[in-house]
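Q: any chance you can model this:
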Amino acid sequence: MSEAKKFFSGSCDIQSLVLQPLSHIYTCWDISWDINEGKFEEKTRSLGSYLNNLIEHIDSIQAPENYHEYEDQVAEFLTAKDNGWGIKKVGRLWVGAHYHSILEQGGFGDFNQEKLIMSVAGRIKAARSFGQVTFDEMEEGHKNILAFLLANILYHRC
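A: Model (predicted):
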């Protein structure tokens, strides 16, 4: 089984943190891991196939060491387009709006969500380096950001 599949296999949290927030798009958000197939169930009107494709995409790239670099690039899409939000980077932090909002809106400028996917891959690599070998085992703050990034990518792809 691939590294990303191992990371997400059997996850309980992916439903509530990634898929349920998208229930306004696809009503079937309560998918589960199919042990025999080694992927999430692909029910009708669910995000299962999108999630499986995203996991395969994550496996196909080399995870970066500095995932923040890619999140910064997504935030810069927003500031370059229209900085009526008044967002700016101060030190290592983006200020002026909630970080999730910055990445969500900046994601509209991220072709095929490539920068967001690089960030996700880097966050998974970092989690694994700290002994957090599955999504459900991640430290809560980092898990919530990773969940948001995954939901954001799925949102932009649907």
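
Q: okay, CA-based contacts and neighbour counts for the rest of this
A: Fine.

Q: and the longest helix along the chain, which residues are buried?
A: Counting residues, the longest helix found in the chain (DSSP state H) is helix 140-157. Across helix 140-157, burial judged by 16 or more other Cα atoms under 10 Å covers 143, 145, 146, 147, 148, 149, 150, 151, 152, 153, 154, 155.

Q: what's that helix packed up against?
A: The contact analysis (3 or more Cα pairs under 8 Å, 6 or more residues apart in numbering; DSSP states H and E) places helix 140-157 against helix 48-59, helix 99-106, helix 114-129.

Q: can you list contacts of that helix?
A: For helix 140-157, contacts defined as Cα atoms under 8 Å, 6 or more residues apart in numbering pick out 14, 17-19, 21-22, 47, 50-51, 100, 103-104, 107-108, 112-113, 116-117, 120, 123, 135-136.

Q: give the rounded mean pLDDT of it.
A: The average pLDDT within helix 140-157 is 95.

Q: relative to helix 99-106, how tilted is that helix?
A: Interaxial angle of helix 140-157 relative to helix 99-106 (axes from the mean of the first three to the mean of the last three Cα atoms, to 10 degrees): 20 degrees.

Q: got the CA coordinates for helix 140-157 in CSV?
A: Output of helix 140-157 as CSV, limited to C-alpha atoms (Å, rounded to 0.1, in the frame of the first residue of the first chain):
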residue,chain,number,x,y,z
GLU,A,140,-5.1,18.4,16.6
GLY,A,141,-4.0,21.8,15.3
HIS,A,142,-2.0,20.4,12.3
LYS,A,143,-4.7,17.8,11.6
ASN,A,144,-7.3,20.6,11.4
ILE,A,145,-5.2,22.6,8.9
LEU,A,146,-4.5,19.5,6.9
ALA,A,147,-8.2,18.6,6.9
PHE,A,148,-9.1,22.1,5.8
LEU,A,149,-6.5,21.9,2.9
LEU,A,150,-8.0,18.6,1.8
ALA,A,151,-11.5,19.9,1.9
ASN,A,152,-10.4,23.1,0.1
ILE,A,153,-8.8,21.0,-2.7
LEU,A,154,-11.9,18.8,-3.0
TYR,A,155,-14.1,21.9,-3.1
HIS,A,156,-12.1,23.5,-5.9
ARG,A,157,-12.2,20.2,-7.9
